[in-house]
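Q: Pasting the sequence and the predicted coordinates here, then a few questions.
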Amino acid sequence: MIPTIQPDDYQHIIFFTGAGMSAESGVPTYRGHGGIWHQYNWEAYACQKAFDRDPQKVLEFHELRRKAALTCQPHDGHRVIAELEQQHPAVTIVTQNVDGMHQRAGSEKVIELHGSYWRVRCSRHGVTEDIGEAYSGYTCAQCGEWLRPDIIWFEDMLNQTVISQATSAIAQCDLFISIGTSGVVWPAAGFPEIASKNGARCIEINPEPSPQSQFCSDVITQAAGEVLPKLFDLCN
Ligand code: APR
């Protein structure tokens, strides 16, 4: 049963998204059927030690992911969220996704917890945007250092500014909609509990139950792209 939400009944709405949000666009998830971490060992591709050992191999892996993401398009669910953001002043998207799909659908207020495929960073010269299948270069034009994808990998410290922004937005929300996350990666896994303890109405959209389901009054076990237009009565 999919409830109908009237966005004007709420002051602050958070869409909290994980890889399942992009699944119907064709971007593989990490842990589900066909998930990236079943195919690739993260210790060889998605941690600082792997990058230090063989930066070229890690960058080539990320180029494959970028190329795959660029063949995918945002779906109706992404578009519903972007449309609501235009209509409603207090919509914030907190995403674990690094594929930029929300922004491609037109969303602007996106807090990226785990970074982005579309940025690289040099420890001396900072972060730069780099959009395209291939990286514009593997090394920093100013100092020659290997450029690291600006992504939070396994064993990385999170960006505390980004986490504080997300936590404070979530603590203030009165509607929290969790979409397509297995809820096993912290601190993001704790966000539904924070929202629920602060009195927000919590809704989960995920075909599979997750550890977050217990904090949600509405658990909708269907796909994001099908549910979101119905949830906000934007089917036409
Ligand atoms: N609609 C909604 N949910 C879906 C859909 C769909 N169409 N398809 C799959 N899902 C759900 C799955 O049931 C699963 O619970 O999406 C979830 C995807 O889980 P994960 O692959 O673990 O992705 P995520 O929770 O985003 O992973 C968190 O782990 O390695 C990392 O840094 C990476 O940001 C990622 C983090």
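A: On my side now, so go ahead.

Q: and this structure, which of its residues are near the ligand?
A: 18-20, 23-24, 29-32, 35, 96, 114, 179-182, 185, 205-208, 210, 223-224 (C-beta under 6 Å from any ligand atom). (C-beta placed from N, C-alpha, C; glycine too.)

Q: which residues does the residue in the chain positioned nearest to the ligand contact?
A: Nearest residue of the chain to the ligand (C-beta to the nearest ligand atom) works out as residue 20 at 2.2 Å. Going by C-beta atoms under 8 Å, 6 or more residues apart in numbering, residue 20 touches 29, 32, 179, 180, 181, 182, 206, 207, 224.

Q: now do the same end-to-end measure for stretch 100-118.
A: Distance across stretch 100-118, first residue to last, is 8 Å (C-alpha to C-alpha, to the nearest Å).

Q: Please compute how far it lies from its chain's middle.
A: Remark: stretch 100-118 is offset 7 Å from the chain centroid, using C-alpha atoms, centre = their mean, to the nearest Å.

Q: what comes up buried for that stretch?
A: 100-105, 107, 110-118 (16 or more other C-beta atoms under 10 Å).

Q: So which of those residues belong to strands?
A: 110, 111, 112, 115, 116, 117, 118 (DSSP state E).

Q: Is residue 169 in contact with residue 12, as I believe?
A: Yes. Look at residue 169 against residue 12 with C-beta atoms under 8 Å: they come within range, at 7.2 Å.

Q: Between these two, tell me which one has more neighbours.
A: residue 169 (22 against 18; other C-beta atoms under 10 Å).

Q: So residue 84 is in contact with residue 8, correct?
A: No. Using C-beta under 8 Å, residue 84 is not in contact with residue 8, being 10.7 Å away.

Q: what about the two, which has more around it?
A: The neighbour comparison of residue 84 against residue 8 (other C-beta under 10 Å) goes to residue 84, with 19 against 8.

Q: now the closest residue to that one other than its chain neighbours: how far from residue 193?
A: Computed as C-beta to C-beta, 6 or more residues apart in numbering, the closest residue to residue 84 that is not its neighbour in sequence is residue 91, at 5.3 Å. Separation of residue 91 from residue 193 (C-beta to C-beta, to the nearest Å): 21 Å.

Q: ditto for residue 87
A: 29 Å.

Q: Pick out whichever of those two has more residues nearby.
A: Neighbours per residue (other C-beta under 10 Å) separate residue 87 from residue 193, with residue 193 holding more: 16 against 10.

Q: returning to what we had before: from the buried residues of stretch 100-118, which is closest to residue 64?
A: The shortest approach to residue 64 among the buried residues of stretch 100-118 belongs to residue 117, at 10.7 Å (C-beta to C-beta).

Q: and that closest one, what is it in contact with?
A: By C-beta under 8 Å, 6+ apart, the neighbours of residue 117 are 62, 65, 66, 69, 98, 99, 100, 149, 151.
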